[in-house]
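Engineer: would you be able to build a 3D model of this:
(one chain, ligands or ions: 2)
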Amino acid sequence: MLKIKTFVFNPFQVNTYLLYDDTGQCVIIDPACYEDPEKLALADFVGKEGLNPVLALNTHCHIDHILGNNFVTGKFSIPLKVHKDSMVFIKNGKEYALSFGFEIEEIAMPDGFIAEGDIIEFGNRQLKVIHTPGHADGSICLYEHKAGVLFCGDVLFKSGIGRTDLPTGNYDNLISNIKEKLMLLPDDVVVYPGHGPDTTIGMEKRNNPFLLGNW
Ligand SMILES: [Zn+2]
Ligand SMILES: [Zn+2]
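Structural biologist: Ligands and ions are numbered 1, 2, ... in the order given. Model (predicted):
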């Protein structure tokens, strides 16, 4: 069974997700821990559950989602993968961080890239990469088919969508990616966004004011 542990980290209240199954192998999505107690909470959980982290992933590389990249890759000696279009955010991460009042070291370079259609395997699980720019270049969603769960970063929220007024944002791209790539998934797929509560594809089809139409 796929297990999902959610942490809410840093002043931007980012959801950091730990996915793991009976094998103990664990993938960390959007390591956003910033303060020492947040880092400790994550490491404690991994230790207590006896997990074996194997990979860190960013749904996109806005500063609030990558604040803990250096910590988890160093602490667990694991690679980090992002979409290559995210590199602009990684390269300028330290400056972005300072502009928001975060003191961080240079953000570590990723160890590899992920792209549309890639399948990421861990334990007995497979995460499919869905490329969904519009909120930020390099935005991806991760779909675990067997469990029926989607991790979508800041693309889709419960009754909302990601903002598009930041650099590389594009409203039309965002809406078409949501409609053409995410709304094709089964209605009962549970959606885990980068901020706020989870929802389902079906609930967003019915209730999301940005997605009204004939589904
Ligand atoms: Zn974002
Ligand atoms: Zn965010």
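Engineer: shouldn't residue 196 be in contact with residue 156?
Structural biologist: No - using C-beta atoms under 8 Å, residue 196 is not in contact with residue 156; the gap is 10.6 Å. C-beta coordinates here come from the backbone N, C-alpha and C atoms, glycine included.
Engineer: so for these two, which residue has more residues nearby?
Structural biologist: Legend: neighbour count by other C-beta atoms under 10 Å for residue 196 and residue 156, higher for residue 156 (28 against 14).
Engineer: grab the longest helix from this structure for me.
Structural biologist: helix 36-49 (DSSP state H).
Engineer: got the contact list for that helix?
Structural biologist: With C-beta atoms under 8 Å, 6 or more residues apart in numbering as the test, helix 36-49 has contacts from 5, 7, 9-10, 16, 18, 20, 24, 26, 28, 31, 33, 51, 53, 68, 71-72, 75-76.
Engineer: report the buried residues of it.
Structural biologist: Residues 38, 39, 42, 43, 46 are the ones in helix 36-49 that count as buried (16 or more other C-beta atoms under 10 Å).
Engineer: what is the nearest of these to ligand 1?
Structural biologist: Nearest to ligand 1, judged by C-beta to the ion, of the buried residues of helix 36-49 is residue 38 at 18.4 Å.
Engineer: tell me the pLDDT of the nearest residue to residue 107 once chain neighbours are set aside.
Structural biologist: Leaving out its chain neighbours, the residue that sits closest to residue 107 by C-beta to C-beta, 6 or more residues apart in numbering is residue 93, at 3.6 Å. On pLDDT, residue 93 comes in at 90.
Engineer: which residues are in contact with the nearest residue to residue 139 once chain neighbours are set aside?
Structural biologist: Residue nearest to residue 139 in three dimensions, not counting chain neighbours: residue 60, with 4.2 Å by C-beta to C-beta, 6+ apart. The neighbours of residue 60, taking C-beta under 8 Å, 6+ apart as the test, are 82, 83, 86, 89, 135, 136, 137, 138, 139, 140, 153, 154.
Engineer: could you pick out which of those residues are near ligand 2?
Structural biologist: Restricting those to those near ligand 2 by C-beta under 5 Å from the ion leaves residue 154.
Engineer: confidence score at the nearest residue to residue 71 once chain neighbours are set aside?
Structural biologist: Leaving aside its sequence neighbours, residue 71 sits nearest to residue 39 (C-beta to C-beta, 6+ apart; 5.2 Å). Model confidence at residue 39, given as pLDDT, is 98.
Engineer: can the lowest-mean-pLDDT helix or strand in the chain be said to contact ligand 2?
Structural biologist: Between all helices and strands in the chain, the lowest mean by mean pLDDT, DSSP states H and E belongs to helix 93-99, at a mean of 90. No - using C-beta under 5 Å from the ion, helix 93-99 never reaches ligand 2; the gap is at least 12.3 Å.
Engineer: next one: the helix or strand where residue 89 lies to chain centre, how far?
Structural biologist: According to DSSP states H and E, residue 89 maps onto helix 87-91. In this view, helix 87-91 has its centroid 16 Å away from the chain centroid, taken as C-alpha atoms, centre = their mean, to the nearest Å.
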